[in-house]
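S.K.: build me a model from this:
(chains A and B)
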Amino acid sequence: MGTTVAARQVFRWTVRASSSSLLSPPLTSRCLLQPRPASCGLFCSTSSRSPMQSSQHNHPVSPVSETPVTELSPQSLADMGFTGTQAEQMLETASKARGGRAARHALSTLTALLALGLNPSSVLKLLQKCPEVCSVKESQLQQRVGNLRKLGLVEGSLQRVVAHYPQILTVPVKTVKHVVVLLREKCLFTAPQVTDILRESPAIVLGDLAQVEFLFQVRCRHCFLERRGLYQTPDKKGQTIIINPKLDSILNVDQMTFLTAVAKASVEEYDVFQRLVAKEWLEEEKEQGSINVDGTYSEEEEEEDEEEETGGRSGYIKTRKRTI
Amino acid sequence: MALLMDTRLLLRKVKDLRSLTPRRHRVKEKWATTRAKCPASSLALQYFDANYSAHLGELWPSVRVALLSERKYGALLNNFSHEDVLADLQARGCRDFINDTDTEAQPCSEEKSETCLEEESNNLPVKKPDIDDQLLSPLKLSPNIKCVVFPRGDLTRFKPARPDMERLLGYYLMDAASVLPCLALDVQEGHNVLDLCAAPGGKALTLLQTQAIRFLCVNDSTASRTTRLRKVLHSYLPKHFFTEKNLRITTFDGTKWGEIERNTFDRVLVDVPCTTDRHSLIEDDNNIFNKIRTGERRKLPQLQLELLLAGIQAACLGGEIMYSTCTLSPIQNLSVVEQAVHLARENHGISVEVVDLRPLTHMFRKTFHFAPDLHLGEMVIPHLAANFGPIYMCKLRRLT
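M.R.: Numbering: from 1, shown residues only, chains lettered A, B, ... in the order given. Below you'll find the model as predicted:
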């Protein structure tokens, strides 16, 4: 519902703004002529309009208004549905963010955000939380929002994520994609799980490579505890024979604390273990790959047989395959 | 996670059967209905968890994680091979842990070892030499036994050994800790040596590397095991070595050795069948913890006792007997030795003394982790950084 309201507001504003600022009639008409379902359609229209706006902004002589439309004014804000006080606060926020190239895109950003279906008060809050959003080019904004949609954040969750963590809009699409690839390939999350992660803790996109390593470590820590006999995977009823340490004490502590308080192991052991399991996992992947590729007995295996007969040499191959 | 484990288990099984059975016997495995609900390896783990955590205490988690991770190997160099593999292996970063032991690093932990010695209780007739540096350093070991390992924490693997021009292999890959019982047995020039449970032959091969043995008798209980033993020996020893005078490979019941050949051997190695802890955790096929083999497993300590007694009887006066296992279980280690010492005196009138192995453990403490506070014998315990063992060893000397 909010979406339609916002859409209507933007429509209204678009019409007024265009009439006052000599926007080319064909565009306006196109905007109005093409009936689109709520926000999505509008999005397209705003994106198609943005180059026009910037071109107009570049014009040295602007006959009507001294402040171009891309600049925020109380009037334009009121047009967008902000109340008086909100408009003031908004201007204040925008002026704060106005360093260098910032705030040039403020208006288009606001439009885009409203078009997403956020109401003016939440847009204000959002910008107060993260004024940097104003400095994002509209086309980029579109791309980023589109990417998030592609990742499975449907209407509703998308708005929630943007409202709670507006920083996500300042992150390039490429970075988000990297994080997603990492979550899927290194951390073995499924696509819906990745969506959940993005929805519940979008801050992950700003976690750098250290974060990556940390995530990888999580499995390592659990495995370490499991093999030490200090952790058990709960059965289907969620029961374990031993009392597992609290998740918080496994994940939410630095390595030293983890080793001394939970695992009760030496740094040397854990270091060797990390390298060992990394190796194991690598081999596992390879092995699974090879099984998928050839189901038949290959030459290699026959060789293995021979080796086994000669004794000593076979040991490695055995252990390697059967390590739990 | 559980799902992941299951599939991994399945894959493991599929691979196992394929590589273990000869090709002509390979059949498609039925794995839907007949799969055991609880595989033997996890039964083993449960058993160890219940028993060893009480026995090893705080050490158990560290031993457990090592047992469940990839083991480390040592390469026993074959002196009969013509290829000089030592230089090659050293170039890869290995070192011979027997001959270049830490002479320079010896003083650093001197105090520590002495304090731990004082703590030890003196329950049994263990002969304790005064442990001074003077006594420790001239520990005589055969200079011919060479075993190289990758340094502590290094996870590199050995490549399979290549045959030389006489088709003899350059080195034998085995648990480096298995060399210790052979070293500790201290074979001298011209000795008659008996290896009571010799298959697959790693320890026998180590003993032969001393090149001091006049006559070696290797025995194992079943034909399949002696066949394997024979194969190993044939791929490491030159043909002229296999003469009646040098070597005898037999397939007898080791427990009856006392009736066959008494008071004969200068050195006897009794490396008994045991629960093979590491193996039982990894391999499901033919696992001693399989439900079907419960009876056999329960009888193990008795069998071990009988074997050790037979070994004691086979040794000559002043001869030395090395009892070794590859389990952590005190029932199969200490208890067996205690009982054997007792029974040898009671039933056979043979008195034996336990030989202190601490000079040896002191010498190799940088390569292996030894269990602290064992009142009888020594035990290598696995540790992630030095993932060798478990090996228990106890040396006895026959007095009467």
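
S.K.: where does pLDDT dip in the chain?
M.R.: I'll assume chain A. In the predicted model of chain A, residues A:1-72, A:96-104, A:208-217, A:290-324 satisfy pLDDT under 70.

S.K.: wait, chain B was what I had in mind.
M.R.: In chain B (pLDDT under 70), the answer is B:1-20, B:27-36, B:101-139.

S.K.: the longest strand in it is where?
M.R.: In chain B, taking DSSP state E as the definition, the longest strand is strand B:315-325.

S.K.: what comes up buried for the next helix or strand after that strand?
M.R.: Using DSSP states H and E, the next helix or strand after strand B:315-325 towards the C-terminus is helix B:334-348. Neighbour-count burial for helix B:334-348, counted by 16 or more other CB atoms under 10 Å in any protein chain shown, picks out B:L334, B:V336, B:V337, B:E338, B:Q339, B:A340, B:V341, B:L343, B:A344. The way it works is simple: take the backbone N, C-alpha and C, and place the C-beta from them, glycine included.

S.K.: helix, strand, or coil at the closest residue to the third one other than its chain neighbours?
M.R.: If I follow you right, that is B:V337. Closest residue to B:V337 apart from its sequence neighbours, by CB to CB, 6 or more residues apart in numbering or on different chains: B:C394 at 4.9 Å. The local conformation at B:C394, judged by DSSP: H, G, I helix; E, B strand; the rest coil, is strand.

S.K.: try the one 3 residues further on
M.R.: Reducing the assignment at B:R397 to three states with three-state DSSP gives strand.

S.K.: tell me how far it lies from B:V272.
M.R.: 19 Å (CB to CB, to the nearest Å).

S.K.: if you count what's nearby, which of these two comes out ahead?
M.R.: B:V272 (25 against 16; other CB atoms under 10 Å in any protein chain shown).

S.K.: what residues are up against the residue nearest to the more buried one when sequence neighbours are not counted?
M.R.: The shortest distance from B:V272 to any non-neighbouring residue, by CB to CB, 6+ apart, is to B:Q304 (4.4 Å). Going by CB atoms under 8 Å, 6 or more residues apart in numbering or on different chains, B:Q304 touches B:V272, B:P273, B:C274, B:T325, B:Q332, B:V336.

S.K.: ok, A:S157 next?
M.R.: A:R199.

S.K.: what comes up buried for the longest helix seen in chain A?
M.R.: Taking DSSP state H as the criterion, chain A has its longest helix at helix A:267-293. Within helix A:267-293, the residues that count as buried by 16+ other CB under 10 Å are A:E269, A:Y270, A:V272, A:F273, A:Q274, A:L276, A:V277, A:K279, A:E280, A:E284, A:E287.

S.K.: how much space separates the second one from B:R64?
M.R.: Right, the one you point to is A:Y270. A:Y270 is 14 Å from B:R64, by CB to CB.

S.K.: same question for the third one.
M.R.: Summarising the geometry, the distance separating A:V272 from B:R64, computed by CB to CB, is 15 Å.

S.K.: do the same with the fifth one
M.R.: Relative to B:R64, A:Q274 is positioned 17 Å away (criterion: CB to CB).

S.K.: mind checking the SS state of the residue nearest to B:W60 when sequence neighbours are not counted?
M.R.: Sequence neighbours aside, B:S53 is the residue nearest to B:W60 in space, at 4.5 Å (criterion: CB to CB, 6+ apart). At B:S53 the chain is in helix, as set by three-state DSSP.

S.K.: how many neighbours does B:S53 have?
M.R.: Residues near B:S53, counting by other CB under 10 Å: 16.

S.K.: distance from the chain centre to stretch B:212-220, please.
M.R.: Here stretch B:212-220 is found 17 Å from its chain centre; the criterion is CA atoms, centre = their mean, to the nearest Å.

S.K.: is it up against chain A anywhere?
M.R.: No. If you take CB under 8 Å from any CB of the partner chain as the test, stretch B:212-220 misses chain A, and the best it gets is 13.4 Å.

S.K.: next, the buried residues of that stretch.
M.R.: Across stretch B:212-220, burial judged by 16+ other CB under 10 Å covers B:I213, B:F215, B:L216, B:C217, B:V218, B:N219, B:D220.

S.K.: in strands, which of the residues you listed appear?
M.R.: Among those, the members found in strands (DSSP E) are B:I213, B:F215, B:L216, B:C217, B:V218, B:N219.

S.K.: need the residues of the stretch 251-400 of chain B near chain A, please.
M.R.: Residues of the stretch 251-400 of chain B lying near chain A (CB under 8 Å from any CB): B:L281, B:I282, B:E283, B:H383, B:L384, B:A385.

S.K.: widest-spaced pair of those?
M.R.: B:E283 and B:A385 (24.1 Å; CB to CB).

S.K.: neighbours of B:I312, how many?
M.R.: Residue crowding around B:I312 was assessed by other CB under 10 Å; the count is 24.

S.K.: swap in A:E88?
M.R.: Neighbours of A:E88 using other CB under 10 Å come to 13.

S.K.: quick one: contacts for B:S324?
M.R.: Counting by CB under 8 Å, 6+ apart, B:S324 makes contact with B:P181, B:K203, B:L269, B:V270, B:D271, B:V272, B:I391, B:Y392, B:M393, B:C394.

S.K.: show me what it is bridged to.
M.R.: For B:S324, the beta-bridge partners under DSSP bridges are B:D271, B:M393.

S.K.: now for the ones in strands among the buried residues of stretch B:212-220: which two are most distant?
M.R.: B:I213 and B:N219 (14.9 Å).

S.K.: ok so, going back, count of neighbours near the residue nearest to B:V337?
M.R.: Applying other CB under 10 Å, we find 29 residues neighbouring B:C394.

S.K.: now do A:F82
M.R.: 24.

S.K.: assign it to helix, strand or coil.
M.R.: coil.

S.K.: next, the contact list for it, please.
M.R.: Per CB under 8 Å, 6+ apart, neighbours of A:F82: A:M90, A:P120, A:L124.

S.K.: hmm, 6 Å instead?
M.R.: A:P120 (CB atoms under 6 Å, 6 or more residues apart in numbering or on different chains).

S.K.: what do you get for B:A40?
M.R.: Applying CB under 6 Å, 6+ apart, the residues near B:A40 are B:D284, B:N287, B:F289, B:N290.

S.K.: quick one: the host helix or strand of the residue nearest to B:V272 to strand B:213-219, angle?
M.R.: Using DSSP H and E, B:Q304 sits within helix B:294-314. Angle of helix B:294-314 versus strand B:213-219, following axes from the mean of the first three to the mean of the last three CA atoms, to 10 degrees, is 150 degrees.

S.K.: just the CA trace of the longest strand of chain B, in CSV.
M.R.: Extracted C-alpha coordinates of strand B:315-325, given in CSV (Å, rounded to 0.1, in the frame of the first residue of the first chain):
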residue,chain,number,x,y,z
ALA,B,315,64.0,-65.9,25.4
CYS,B,316,67.3,-67.3,26.8
LEU,B,317,68.8,-66.4,30.1
GLY,B,318,69.6,-62.8,30.1
GLY,B,319,67.6,-62.4,26.9
GLU,B,320,65.4,-59.4,26.5
ILE,B,321,61.8,-59.3,25.6
MET,B,322,60.0,-56.3,24.1
TYR,B,323,56.2,-56.1,24.5
SER,B,324,54.5,-53.6,22.3
THR,B,325,51.0,-52.7,21.2
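
S.K.: chain B: strands as residue ranges?
M.R.: B:74-77, B:95-96, B:126-127, B:147-149, B:171-174, B:191-195, B:213-219, B:247-250, B:265-271, B:315-325, B:352-355, B:378-380, B:391-398.

S.K.: how about residues contacting stretch A:241-251?
M.R.: Counting by CB under 6 Å, 6+ apart, A:V218, A:R221, A:Y231, A:Q232, A:V262 sit against stretch A:241-251.
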